[in-house]
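In: predicted coordinates and the sequence they were generated for:
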Amino acid sequence: MRFAIVDNKRIEAAPKAQALCPGCLQPVIAKCGLQRVNHWAHLNNKNCDTWWEPETLWHRSWKNNYSTECMEIVLFDEITKEKHIADVRTVDGLVLEFQHSSINSTERIAREKFYNSMLWIVDGTRLKRDYSRFLKGRTDLEKTNNPAIFHVHFPDECFPSSWIASAVPVIFDFKGNETIRDPNDLRNHLYCLLPKTEWRPAMLITLSREKFIESTINGKWLSNFVIRFDKLNQGQQLLQGQFIQNSVIRRSPQYYLHKGRWVRRRRF
Ligand SMILES: [Zn+2]
């Protein structure tokens, strides 16, 4: 973790410094070296938060977009007595979890339940095939009237399987730590996968990286994005017939409409 407590103040790791973990109040020591970003570690190297993963440069760069007051917030569930440290908690109570490692579904579900109002930001550069799968899969997405929004009938063709059943928005960052000079490179954007609902398939929304960061910093993400999306969903429910009709022309031939649903043709 980046912050630990000394005299009731949150301080960053510096060589030979000692402090207390904000989660369990046990001593932590500063780890400062070339291999990893400076951080605090428990004496036995076992983090009291089992959900914590070693921080990478990517984690730190993302967290650095937010004020230190919003970083590494200890949250406690009065009923279950569980305590976890959220990567970022914005002014409107939205938790952002930056995830580099793969995650099993049990832990993903537990974290989504615990944080409730949250979204994932996933490092899309962990495996080489993640971005190539996305590039290939996105050509089959169903277009909508908004060029930034797509219906995703087969999320597994675009995204790692561990994320496609998530109940909260999952934002994929395929840029990682790279510097990309080409303004048209798709990796400049973020890609938000919204879970499917009763009346529509999963959706993919192309987001401006800067606008996403800005709206989460000023606490406008929930009101600007989520509430607007609820309205959009209702609108799409009404327009569903029209969407399906339009998409007949757009869909690639390996899909066909069966009882109102898109089904992939079996390959023999
Ligand atoms: Zn601890």
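Out: Thanks, I have the structure now.
In: helix, strand, or coil at T106?
Out: Using DSSP: H, G, I helix; E, B strand; the rest coil, the structure places T106 in helix.
In: need the contact list for it.
Out: Residues near T106 by CB atoms under 8 Å, 6 or more residues apart in numbering: none. Using the backbone N, CA and C atoms, a C-beta is placed for each residue, glycine as well.
In: state the distance from it to R133.
Out: Per CB to CB, to the nearest Å, T106 is found 24 Å from R133.
In: for V28, which non-adjacent residue is spatially closest?
Out: Spatially, and ignoring its direct neighbours in sequence, V28 is nearest to W40 (4.2 Å; CB to CB, 6 or more residues apart in numbering).
In: please apply the same query to F174.
Out: Leaving aside its chain neighbours, F174 sits nearest to G124 (3.8 Å; criterion: CB to CB, 6+ apart).
In: quick one: neighbours of that neighbour, just the number.
Out: By the measure other CB atoms under 10 Å, the count of residues near G124 is 21.
In: quick one: it from M118, how far?
Out: For G124 relative to M118 (CB to CB), the value is 18 Å.
In: mind listing what the residue of the stretch 151-268 of the chain found nearest the ion touches?
Out: Residue of the stretch 151-268 of the chain nearest the ion, by CB to the ion: V168 (25.6 Å). Neighbour list for V168: E112, M118, L119, W120, P195 [criterion: CB under 8 Å, 6+ apart].
In: what number of residues lie near F174?
Out: F174: 21 surrounding residues under other CB under 10 Å.
In: quick check: the residue nearest to F174 touching F172?
Out: Yes: in terms of CB atoms under 8 Å, G124 counts as a neighbour of F172; the distance is 4.4 Å.
In: what sits in contact with each of the two?
Out: With CB under 8 Å, 6+ apart, G124 and F172 have common neighbours D130, F134, Y191.
In: verify the stated contact: the second one with F174.
Out: Yep, that's F134 we're talking about. Yes: contact criterion CB under 8 Å: F134 and F174 qualify, at 6.6 Å.
In: what is in contact with the two at once?
Out: By CB under 8 Å, 6+ apart, the residues touching both F134 and F174 are G124, Y191.
In: which parts of the stretch 1-150 of the chain sit against the ion?
Out: Selection of the stretch 1-150 of the chain residues close to the ion by CB under 5 Å from the ion yields C21, G23, C24, C48.
In: select only the buried ones of these in PyMOL?
Out: Per 16 or more other CB atoms under 10 Å, the buried members of these correspond to this PyMOL selection:
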select buried, resi 21+23+48
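In: hmm, which of the residues of the stretch 1-150 of the chain next to the ion is lowest in pLDDT?
Out: Within those, pLDDT reaches its minimum at C48, with 86.
In: against E72, how distant is that residue?
Out: For C48, the distance to E72 equals 13 Å [CB to CB].
In: and for L222, the neighbour number?
Out: Taking other CB under 10 Å as the criterion, the count of residues near L222 is 16.
In: residues in contact with M203?
Out: I149, F150, H151, V152, L193, L194, K196.
In: H151 pairs with what?
Out: Beta-bridge pairing for H151 (DSSP bridges): E142, M203.
In: so E72 is in which element?
Out: Using DSSP states H and E, E72 sits within strand 71-76.
In: and that strand, C-alpha only, in CSV?
Out: Taking C-alpha atoms only, strand 71-76 is exported to CSV below (Å, rounded to 0.1, in the frame of the first residue of the first chain):
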residue,chain,number,x,y,z
MET,A,71,-6.9,6.8,-2.1
GLU,A,72,-6.7,3.6,0.0
ILE,A,73,-9.9,4.1,2.0
VAL,A,74,-10.5,1.6,4.8
LEU,A,75,-14.2,0.5,4.6
PHE,A,76,-15.8,-1.6,7.3
